[in-house]
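*Asks:* I'd like to go over a predicted model; first the sequence, then the structure.
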Amino acid sequence: MEKYVNKSSLDKTNFIHFVLILAIVLSLSFVVFDIKRHDERSFVFYLLFFIWIAYGAGSNKISSFEFRKTTDYTPAAAFSGICLCWWVALTDYFLVLDQTSRFSGFFLAFSLLLTFGLMLDFIHFFSDKVEKLITPQYVIRIGQVVLLATLGASSYFLINGTWDYHIGDPFEFLSRVMQG
């Protein structure tokens, strides 16, 4: 009987998808759309949410689809969710001139779970490479800093925010574009 060992889901394909996700987030936010406009910011939110759902569908942990054979997209789905949550918080903080929203704090609290899971994947990835239960200290420190920053930001939004949800209807932008 084979001994159960935690294996990392990370591979080269996931690292390529990390770069792709980051490029998509940045290009949608700063090149393709003007996120200073409420309707375009809402549309970008729903596009990023759809990307996160698409990566989640490719995850071995929650999916029963059989379209992927070798790559588990669970780390890419977690990274996509982290990018979405931080995008919501940062746009709320820097672009919404009213009060910040507590919903951004909830997004960041959810991001804590995703970050913790992704950090575990990185720990298993480095342990698998060395074939020992040793992970470089800098990987653990980076994970700790990201987790603490996310916890602090989430606390800030939950304490200082209001119950206003700053993400609107995605069809506002589409109707404006269709009308010219």
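*Replies:* That came through fine.

*Asks:* wait, isn't Trp86 in contact with Leu114?
*Replies:* No. At 10.3 Å, Trp86 and Leu114 do not qualify as touching, with contact defined as CB atoms under 8 Å. C-beta: built from backbone N, CA, C; applies to glycine.

*Asks:* Give me the residue ranges of this protein where confidence is low.
*Replies:* The model of the chain has pLDDT under 70 over residues 1-9, 60-70, 97, 128-133, 180.

*Asks:* Please identify which helix or strand holds the closest residue to Phe122 other than its chain neighbours.
*Replies:* Nearest in space to Phe122, with sequence neighbours left out and distances taken as CB to CB, 6 or more residues apart in numbering, is Val139 at 5.6 Å. Secondary structure from DSSP states H and E places Val139 in helix 137-160.

*Asks:* packing partners for that helix?
*Replies:* In terms of contacts (3 or more CB pairs under 8 Å, 6 or more residues apart in numbering; DSSP states H and E), helix 137-160 is packed against helix 74-95, helix 102-130.

*Asks:* Could you list the buried residues of stretch 163-176?
*Replies:* Residues of stretch 163-176 classed as buried by neighbour count (16 or more other CB atoms under 10 Å): 166-167, 170, 173.
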